[in-house]
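After the sequence you'll find the predicted model.
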Amino acid sequence: MLDIQNTETAGVKTLKLIGRIDGISSPMLDKSIKDLAISGERQLITDLQDVNYISSAGLRVFLTAQQVMTKAGGELMLYNLNEQILSIFKTAGFTRIFKIIHDISEISALNGVSNEEEQQISNEIINNISFKILKTNAKPSETKKFGNFEKLSKSEYSEADVVTLAPKELKYGIGLGALGDGYTDFKDYFGETAVINCDFFVYPAVKKPAVDYIIPPPDFSFIKYQFLNFLGFKGDFKYIINFEGVNGFVNSNDLFQAILKLNSSKLYGIVFFAESKGLWGMNLKQVPIVDNKSGIEDSIFSEQNFPNWLNFPVEASDFNSIIVGTGFIHNFTELPVSLKDYFASNSNWHIHTAVFEKGIINRNIENFNEELNRILTELEPQKVVHLLGRSVLSSGCIGLIELEV
């Protein structure tokens, strides 16, 4: 029998374990560790002073948990090992994998920050959200606009509107895209699209959609992306930001409004990854091409047509999934004419989000690019949606590219 007590040691979340860790009790321990990791904890301590037995099944839980925590920039540490349990961990070779803590002062030192880090990173609290901000000297970049966004609302796209782009022409962006080599082949498979790190993720507007994607190899000259409309950007990140709610989870709209208060720039390209605690997102049910125009007199977004054209959520979904989003946020009083079609009248952001399997993330801002690439290449995508303002996030990291107006 195993008793698991959720406590803290010198400010670090701790699981105090009492009893046996074996094939019967190890699933309970595994769940306790995963629950804390999913809730946002990245430093975990297991107090093993009162453990009297551990089997190979129990050791496997520790090993698996350490592998997951390490990928997310965290660590599982062992504290207060009695002689019997320490001997088992040594025999298994785990003392080379885990940090063994013998004294509480070693735990207190975990929360220290070097002078170099203090010089690079600033801290802000805005809209009850805590930010750690790494600012660079990156210069503003251009936006790239392709296709005709105006034809979306009345389902007026045709083959003549298709824009074919190579991955090297893109870096980040949002649009209505598809994959394929001929119009008759791909015309029924356009959908919400997110381009992130040149990788292409699309959720086709069909009855039973499944996300399609391409992670281009180094030599990707033969790959082509098809768009009916696309707004994208390149460049270096001006800011890399870690965010976390002060008293709980973070509303997506509050997050984006807080970001705009960091300085006076008018337009940003945004790339972020986060852990979802309830996602609200919509997507097209039909491709807005002339073939599907029948019955459309005003707009697919009108009250009469909306239910036939868009999947709109009635409740939050994708709890604990990893999401990766890209798009634009602006701080204009009056939008430039070139951007008006891309933003709803009541919103100052437009973001498409790729939803991946459940997991945890590395929130270290200095590992932003590496973690973004890990998520995109190692986790399985589930769908792509137009992000809505009621979405709830636990924590995450954001890259901002300042854009020319």
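Perfect, thanks for sending it. This is a predicted model, so every value here is computed, not measured.

what are the bridge partners for the closest residue to K151 other than its chain neighbours, then?
Distances taken as CB to CB, 6 or more residues apart in numbering place Y157 nearest to K151, at 5.1 Å, with adjacent residues excluded. To be clear about C-beta, it is placed using only N, CA and C from the backbone, and glycine gets the same treatment. In this structure, Y157 bridges to I289 when assessed by DSSP bridges.

ok, Y157 - how many residues close by?
For Y157, the tally of surrounding residues (other CB atoms under 10 Å) stands at 24.

got a list of what it touches?
N148, K151, L228, V287, P288, I289, V290 (CB atoms under 8 Å, 6 or more residues apart in numbering).

Then A194?
Taking CB under 8 Å, 6+ apart, one finds G173, I174, F201, V324, G325, T326, H352, T353, A354, V384 in contact with A194.

give me that answer again for 6 Å
Contact analysis of A194 by CB atoms under 6 Å, 6 or more residues apart in numbering lists F201, T326, H352, A354, V384.

Could you list every helix and strand that the helix or strand where the third one lies packs against?
Which is H352. Using DSSP states H and E, H352 maps to strand 349-358. Identification of packing neighbours for strand 349-358 by 3 or more CB pairs under 6 Å, 6 or more residues apart in numbering; DSSP states H and E yields strand 191-196, strand 321-330, strand 381-387.

Pull out the buried positions in the second one.
Looking back up the chat, that one is strand 321-330. S321, I322, I323, V324, G325, T326, G327, F328, I329, H330 (16 or more other CB atoms under 10 Å).

about what we covered before: against Y203, how distant is the residue nearest to K151?
Remark: distance between Y157 and Y203 (CB to CB, to the nearest Å) = 17 Å.

One more: K139?
K139 is 34 Å from Y203, by CB to CB.

on that earlier part again, mind checking what helix or strand follows the strand holding H352 in sequence?
helix 368-378.

quick one, helices of this protein?
Per DSSP state H, the chain carries helices over the ranges 26-38, 56-71, 83-91, 104-108, 115-120, 183-186, 252-260, 306-309, 368-378.

quick one, which of these is nearest to I215?
helix 368-378 (5.8 Å; CB to CB).

Check which helices and strands the closest one is in contact with.
Helix 368-378 packs on no helix or strand, going by 3+ CB pairs under 6 Å, 6+ apart.

would you put the C-alpha positions of it in PDB?
Output in PDB follows, covering the C-alpha atoms of helix 368-378 (Å, rounded to 0.1, in the frame of the first residue of the first chain):
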ATOM      1  CA  PHE A 368      11.900  28.800 -27.200                       C
ATOM      2  CA  ASN A 369      13.000  27.800 -30.800                       C
ATOM      3  CA  GLU A 370      14.100  24.300 -29.700                       C
ATOM      4  CA  GLU A 371      10.900  23.600 -27.900                       C
ATOM      5  CA  LEU A 372       8.700  24.900 -30.700                       C
ATOM      6  CA  ASN A 373      10.500  22.600 -33.200                       C
ATOM      7  CA  ARG A 374      10.200  19.600 -30.800                       C
ATOM      8  CA  ILE A 375       6.400  20.100 -30.500                       C
ATOM      9  CA  LEU A 376       6.000  20.500 -34.300                       C
ATOM     10  CA  THR A 377       8.100  17.500 -35.200                       C
ATOM     11  CA  GLU A 378       7.500  15.000 -32.300                       C
END
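
what mean pLDDT does that helix have?
Mean pLDDT, computed over helix 368-378, is 90.

Name the surrounding residues that touch that helix.
Residues contacting helix 368-378 (CB under 6 Å, 6+ apart): D199, I215, I240, F273, I322, V324, N362, C397, G399.

can you check stretch 20-29 too?
Around stretch 20-29, the neighbours that count as contacts under CB under 6 Å, 6+ apart are L2, Y53, I54, S55, A57, G58, V61.
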